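Quick one: sequence plus predicted model below, questions after.
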Amino acid sequence: MSSEEMHIEPAPEKGFFDNIFPRQVEPKGLIGWLTTIDHKRIGILYGVTALFWFLVGGLEALMIRIQLHTSDFRGFISAETYNSLFTMHGTTMIFLVVMPLAVAFFNYVMPLQIGARDVAFPRMNAFSYWMFLFASILLNISWFFGEAPHMSWVGYAPITEIQYTPGMAGEFWIIGLQLLGVASIVGSLNFITTIINMRAPGMTFMRMPVFSWMTLVTGFLIILAFPAITICLAELMFDRLFGTNFFQAAAGGLPILWQHLFWVFGHPEVYILILPPMGMVSEILPVFSRRPLFGYPLIVGSGIAIGLMGFTVWSHHMFTSGLGNIATAAFALTTMAIAVPTGVKIFNWIGTLYKGQLIMATPMLFSLGFIYQFMMGGFSGLMHANAVHDLQQHDSYFIVAHFHYVLIGGALFGTFAGLYYWFPKVTGRKLDEKFGKFVFWFLFVGFNLTFFPMHWLGLNGMPRRIYTYSPNMGWDTINMVCTFGALLMAVAVVVFFWDLFRTAKSGQVAGFDPWDARTVEWSIPNPPPVYNFKDTPQVKCLDDFWYAKYPETMVHDEDETMHPSDYVAADPAVHGHSHDDHGIHMPGGSWFPMFAALGFCIGGFGIVMHGFFIPDPVAAKSMSTLSILLREYWLAILGGLMGVASVFAWAMEPIGGYNIHFKEEDNK
Amino acid sequence: MPKRYLKAVSGPLSRILLALLAILNTGCVNEVRGTLNPLGPVAERQMSTFMVTLWVSLGMFVVVGSFLVYCLVKFHHKGEITKDTPLPDQSHGNALTEIGLILISVFLVGIIALPTVQGVFYVGTLPSDQKVYEVNVTGLQWWWKFEYPEYGVVTANEIAIPAGRPVKFNLQTADVLHSFWVPRLGGKMDLNPGQDNWLWLQADPEMLAADAKELSTSGGSPRWAHLPADYPFQGYVLYGQCAEYCGSSHAFMQFRVLVLDDANFQKWVEWQKSDSKSTLTAGEVAQGQAVFMKNKCQTCHTVRGTNAKGLVGPDLTHIGSRTSIAAGWLENTPENLGHWIQKPGELKPENIMYVTGYQHTDKWGGLVNNSQIVVTDEERDVLAKYLYSLK
Amino acid sequence: MSAHGSHLIENPHEIGTTGLPHRKIMMWLFLASDCMFFGALISTYLIYRGRSIAGPTPEEIFDIPLTSTSSFVLLMSSYLMVLALAAIERNDLTKFRVYCLGTAFFGSIFLGFQVYEFTHFYHAGLTLHGSVFGSSFYVLTGTHGCHVAIGVLWLLALFFYSFTGGVTQRRALDVEIAGLYWHFVDIVWIVIFVAVYLLEYII
């Protein structure tokens, strides 16, 4: 890494569109961000966008808590607004915060962990991001139309049907989720290909860091689970726009089908949300315990097992929908079975701490908070698996407590651990420890204060999604406690963001390998250069970077993954393990991923807006069906054409870019 | 066997838990009673299997949690880490420990699985050894219609069930999903369009009596236990609620369950079957009916024995006899009735009576002038008095 | 693939750890995902089978000989697709053009049959909003039709691109990936043909 001097030479190739929207060579400034295809920059974009929506979703949560702080509370917000708030809070936190935050880490960290220069399809990666950004905006501009979705985040048919939810709210929700689904699937195809095909020489699957493993499992879950929600959303959209009967009981449709399709997606989605933070925690615990992860193969194996079993348990969300005894019992059993691999993970994390040298830095604190809270969420999950009592827990605040333990206590704490851990990698600066601890303790206490009492509320009969409750229920005190806890969390979040901005601008410089870490992403400078690795790393074992630093700690035992003789020789002709005469080729930035995403999202907006363009019934009588459709959906068609044209332009683009040459003597 | 086994496991723990909850309850309201204070065999079975899960979870939590805390205390490294700090143990797993822990987890999950499967079949199977009463439940946005097919009784938002008898609820919805839930009698069941769901519940008289006694000694106001003093029968009131999100006024879709002994239940049935007898004079009744008709209430509501035969809204024949109005939300008093009649949108946003009948502003701020119904203060009082007299 | 494949790849950087090109791996992954799309749609169709309140019923309108013919044409197009790929791998551009256009043409014939069938069914009273059979049938077969249409456009694009030097032996991977997609769409049709059409005469 001695060379800071390098020579850059643009690639000569010119393409068809180069006069208007040329591929960018080393773009700077705003254009640089708009056309970027660098996985690190896209990771940052994902992270920043998701954190923004985190603030929005948090604000929605606070308003919900204020509304519920006491009984029969009216005049703050209307019931309709409240319904929109909890719908958008759920949708935002799941699809616009927890998932994209994980994707931010997939983007930034995973290629570095496996020793790759970028993801397999950099432009597709950019497309995923822009699609996510525009779709998230589309979903949220519904507030400005006064048509924010208010059918709850699960949107159980038939309340989403046109006769119960007229207006644009339904389309905003359907189209928003559909476009987000496209972004997720495209992104995951990319990540899986990257992991399968772009590992550095010697990086066998069983030498791959757990976070990359969880990226792989999550990727498979996304490509296999999202089609189910895409199809049920499409069916619902057809019901709403073209009068099909998929969820219309009067015509023989089965609204229950929505629940099945939704949860065939929805339950794997739960693991899509939790597996990446599990991976992050599995990276952080060994680093701050200064010893290897306990039972790496089992952690990986249980991650895969959870992913597979995640497809067999969806109906446990539907125990009250009249499944029948046999199905109820069967799904209760599969759900209990999934507790075993989940438990294995917790055991192994604690096994990592045992005999370690625990350093209580902020990432470690968040990871420990994750273990405790995820364990709590796991136990209440086991209680839901008890299908007999689940009839009591279902749709009560007990459920609300459970999934917030898993999603905030688990996923968000894990992600925060990851944020604190990899922040130096991204910015080159370390977040302040004092503020970090303050944020952790406020978040930890606030969180448990908000959500632990909700178990009690649920067991005492408080249903979820209620605007207010009657004073003689006796739920007032506990709800007040919950609201107070939420305010503590808000304080923590404000301090966190302040610290984030402060540090990004002028924080303590982290230097090289600030945590004494184990995986190869720390073997390069912070922040990494645009080409990541000057020389592709040659991976000899799991935790390669650690054993390069502490070769004496290598344990030679029956575990083959740790044995140096296990080194897999790489074929340099295939892998191009270091830069050759051509230097490192960096592809140029491209406009078209953004244009394509913008086109499709405008098209989606056109579908949402179709109601404005319906010709009046009198005029429509003299028009053909085709011309009515053309009028109604002109914006949708225009947007779609823009998207398709951009994809074609993208396909015709030259490779472009530039080559980086290092001074030869630096290698000597 | 299973029941005794359950009791043995759940007994002590439930007492500890209830004590904990009692601490939580101190200072707040004593009548808070939920799923952990069952009043019937279904809820009791559900609670006791829950206790098994809770027991196992708590055991694991204590063991695993203590070990976690032990690790945190014992292996916490204070002070700087330098190049000279000796590294800790560098082993990376132990096959025997891992397999052992997996086997223990499987065993513990098995402990929960057995009573769960047994419980699923108990809760999901109608008792076959005795007469099962039937109630047809229809959920509507946002109220409940109850029919007793055997007796030809139709009522709204309030049902009576005989104590100690299994009751089968046949669940249907007229619009979106709803969910029928009486926490103290048992778990909930969804009302799915196009699907015939059902649920059986039973109120246990001994449990009811014990619970009422406990409430009266603890000094709380037993609102959810006893019927009001002026009610013609003695009995208990339990609260129920829609538990599946069903739109704007989902929170306001409650109902009440009166638990009566066999004799009183039969009396109640006879009473509800007959036309209502107003306690007012003939003149007052005529005046009330005139206001009723003027505002076209009969388009949607039925008052048997009069010309009001609407089927859209709740049956009002015996509205004066009910303990609550507006789907369980308000106590039934002439004042509350009057308020509800005059300003239904204030209490239950977007309810059909309000949206189709009353002048109001829509969410865009525009005035929707459906004003078939304009209730003056004077009319409100007359109407409330009339309806309240329909016992 | 890695043994003989690298000379077919224009950009050797595209070959990764497994020795397979990235795009091929991604195409397989996409097809796995697409399986789930069709899985959800076919499930919907089968769940709604026999639940329609209004007619017409499947037996009343299905014309098995007609649909069998169009299915046969679609299957044969897969054969042409194989020949097209083999031609471009041999660097036989003329043959490639013939077979590629032939595949697209057979695909278009299938689409023509589908348009005819939809029109016929529509006049027989089966509409998108008339019954759940109509809804699930049109959306399922329509989605498949869209896949075929995209495939035809893709093949035509390759055909025209071959005149500008865009399709060469070194870029045979482009054709191979289009072929993967095309074969997949064919196989899905076999499933749909059995689950939708033939099922009425089996069970």
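Sure, I can see it. Not measured: the values here are computed from a predicted model.

Note down every partner strand of the helix or strand where B:Trp181 lies and its orientation.
According to DSSP states H and E, B:Trp181 maps onto strand B:178-182. Applying DSSP bridges to the sheet, strand B:178-182 is found paired with strand B:186-191 (antiparallel), strand B:236-242 (antiparallel).

how deep is the closest residue to chain C within the stretch 51-200 of chain A tucked in, by neighbour count?
Proximity of the stretch 51-200 of chain A to chain C (C-beta to the nearest C-beta) peaks at A:Asn197, 3.0 Å away. Any C-beta I mention is one placed from the backbone N, CA and C, and that applies to glycine too. When neighbours are counted by other C-beta atoms under 10 Å in any protein chain shown, A:Asn197 registers 22.

Next, count neighbours for the nearest residue to it once chain neighbours are set aside.
Distance criterion C-beta to C-beta, 6 or more residues apart in numbering or on different chains; nearest residue to A:Asn197, sequence neighbours excluded, is C:Gly16 at 3.0 Å. Using other C-beta under 10 Å as the criterion, C:Gly16 is surrounded by 22 other residues.

so where is chain A shaky, pLDDT-wise?
A:1-20, A:24-27, A:555-582, A:663-668 (pLDDT under 70).

All the strands of it, in order from the start?
For chain A, the strands defined by DSSP state E occupy A:6-10, A:429-430, A:508-509, A:584-586, A:658-662.

strands paired with the third one, and their directions?
Right, the one you point to is strand A:508-509. Sheet pairing of strand A:508-509 (DSSP bridges) gives strand A:429-430 (antiparallel).

contact partners of the strand it pairs with?
A:423-424, A:503-504, A:507-510, A:514 (C-beta atoms under 8 Å, 6 or more residues apart in numbering or on different chains).

For residue 132, which residues are in contact?
Using chain A here. Contact analysis of A:Phe132 by C-beta under 8 Å, 6+ apart lists A:46, A:49, A:96, A:100, A:103, A:180, A:183-184, A:187.

you looked at the wrong chain, it should be chain B
Contacts of B:Val132 by C-beta under 8 Å, 6+ apart are B:126, B:165-168, B:200.

B:Ile352 now?
B:141, B:300, B:312-313.

is the longest helix along chain B anywhere near chain A?
Assignment by DSSP state H gives helix B:41-74 as the longest helix of chain B. Yes. Applying C-beta under 8 Å from any C-beta of the partner chain, one finds helix B:41-74 in contact with chain A at B:43, B:45-47, B:49-50, B:52-54, B:56-57, B:60-61, B:64-65, B:67-68, B:71-72.

what helix or strand is B:Asn170 on?
With DSSP H and E as criterion, B:Asn170 is part of strand B:167-173.

circling back to that earlier point, which parts of the longest helix of chain B are buried?
For helix B:41-74, burial by neighbour count (16 or more other C-beta atoms under 10 Å in any protein chain shown) applies to B:41-58, B:60-61, B:64-65, B:68, B:71.

swap in stretch A:437-444?
Under the neighbour-count criterion of 16+ other C-beta under 10 Å, stretch A:437-444 has A:438-440, A:442-444 buried.

Could you list which of those belong to helices?
A:438-440, A:442-444.

for those residues, which one is nearest chain C?
For those, the nearest to chain C is A:Leu443 (36.3 Å; C-beta to the nearest C-beta).

sorry, back to before: kindly write the ChimeraX command that selects the buried subset of the contacts of B:Val132.
Only the buried entries of those go into this ChimeraX selection, using 16+ other C-beta under 10 Å:
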select /B:165,166,167,168,200
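
how about the contacts of B:Val132, which pair is most distant?
Across those, the longest distance by C-beta to C-beta is 12.3 Å; it joins B:Leu126 and B:Arg165.

ok, for whatever residue of the stretch 1-150 of chain B ends up closest to chain C, nearest residue in space, not its chain neighbours?
Closest to chain C within the stretch 1-150 of chain B is B:Thr138: 20.7 Å, counting by C-beta to the nearest C-beta. Computed as C-beta to C-beta, 6+ apart, the closest residue to B:Thr138 that is not its neighbour in sequence is B:Lys145, at 4.2 Å.

ok so that neighbour is a helix residue?
No. Counting by DSSP: H, G, I helix; E, B strand; the rest coil, B:Lys145 falls outside a helix, being strand.

The residue of the stretch 51-200 of chain A closest to chain C contacts C:Lys24, correct?
No. Contact criterion C-beta atoms under 8 Å: A:Asn197 and C:Lys24 do not qualify, at 9.4 Å.

follow-up on the earlier one: export the strands paired with strand B:178-182 to a markdown table and append columns for mean pLDDT.
Below are those laid out as a markdown table (pLDDT from 0 to 100):
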| stretch | mean pLDDT |
| --- | --- |
| strand B:186-191 | 93 |
| strand B:236-242 | 90 |
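
Please name whichever of these is nearest to C:Ser43.
Relative to C:Ser43, the nearest member of the strands paired with strand B:178-182 by C-beta to C-beta is strand B:186-191, separated by 21.2 Å.

and the next element down the chain from that closest one?
Counting by DSSP H and E, what follows strand B:186-191 is strand B:197-201.

and that next one, what's its mean pLDDT?
Across strand B:197-201, pLDDT averages out at 94.

mind listing the helices for chain C?
With DSSP H as the criterion, chain C has helices at C:2-5, C:22-47, C:58-61, C:64-89, C:93-123, C:132-161, C:172-192, C:199-202.

List the buried residues of the fourth one.
This means helix C:64-89. Going by neighbour count (16+ other C-beta under 10 Å), the buried part of helix C:64-89 is C:67, C:70-71, C:73-78, C:80-81, C:83-85, C:87-89.

got it, and the third one?
Judged by neighbour count (16+ other C-beta under 10 Å), helix C:58-61 contains these buried residues: C:58, C:61.

which other residues reach that helix?
Here helix C:58-61 has contacts from C:120-121, C:124, C:126, C:133, C:137, C:196-197, C:200, using C-beta under 8 Å, 6+ apart.

For the stretch 151-300 of chain B, which residue gets nearest to chain C?
In the stretch 151-300 of chain B, the residue that lies nearest chain C is B:Gly194 (8.9 Å; C-beta to the nearest C-beta).

quick revisit: how about the contacts of B:Val132 in a markdown table, adding distance to B:Leu96?
Below are those laid out as a markdown table (distance: C-beta to C-beta, whole Å):
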| residue | distance to B:Leu96 |
| --- | --- |
| B:Leu126 | 49 |
| B:Arg165 | 56 |
| B:Pro166 | 52 |
| B:Val167 | 54 |
| B:Lys168 | 53 |
| B:Trp200 | 49 |
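
Could you list which of the contacts of B:Val132 also contact chain C?
Of the residues in the contacts of B:Val132, proximity to chain C by C-beta under 8 Å from any C-beta holds for none.

Compute the inter-axis angle for the longest helix of chain B and strand B:197-201.
90 degrees (axes from the mean of the first three to the mean of the last three C-alpha atoms, to 10 degrees).

The helix or strand that helix B:41-74 is followed by vs strand B:186-191, what angle?
As assigned by DSSP H and E, the chain's next helix or strand after helix B:41-74 is helix B:95-123. If you take the same axes, to 10 degrees, helix B:95-123 sits at 80 degrees to strand B:186-191.

Any idea how many residues pack against the closest residue to chain B within chain C?
Distance from chain B to each residue of chain C (C-beta to the nearest C-beta) is smallest for C:Arg51, at 8.9 Å. For C:Arg51, the count of nearby residues is 16 (other C-beta under 10 Å).

you'd agree it is up against A:Ala250?
No. Between C:Arg51 and A:Ala250 there is no contact under C-beta under 8 Å: 11.9 Å.

Now do the contacts for the closest residue to A:Leu224 other than its chain neighbours.
Nearest non-adjacent residue to A:Leu224, counting by C-beta to C-beta, 6+ apart: C:Met36, 5.4 Å away. Going by C-beta under 8 Å, 6+ apart, C:Met36 touches A:223-225, A:227-228.

The nearest residue to A:Gly511 once chain neighbours are set aside: how many residues sit nearby?
Distances taken as C-beta to C-beta, 6+ apart put A:Asn526 closest to A:Gly511, at 7.3 Å, once the chain neighbours are dropped. Number of residues near A:Asn526 (other C-beta under 10 Å) recorded here: 21.
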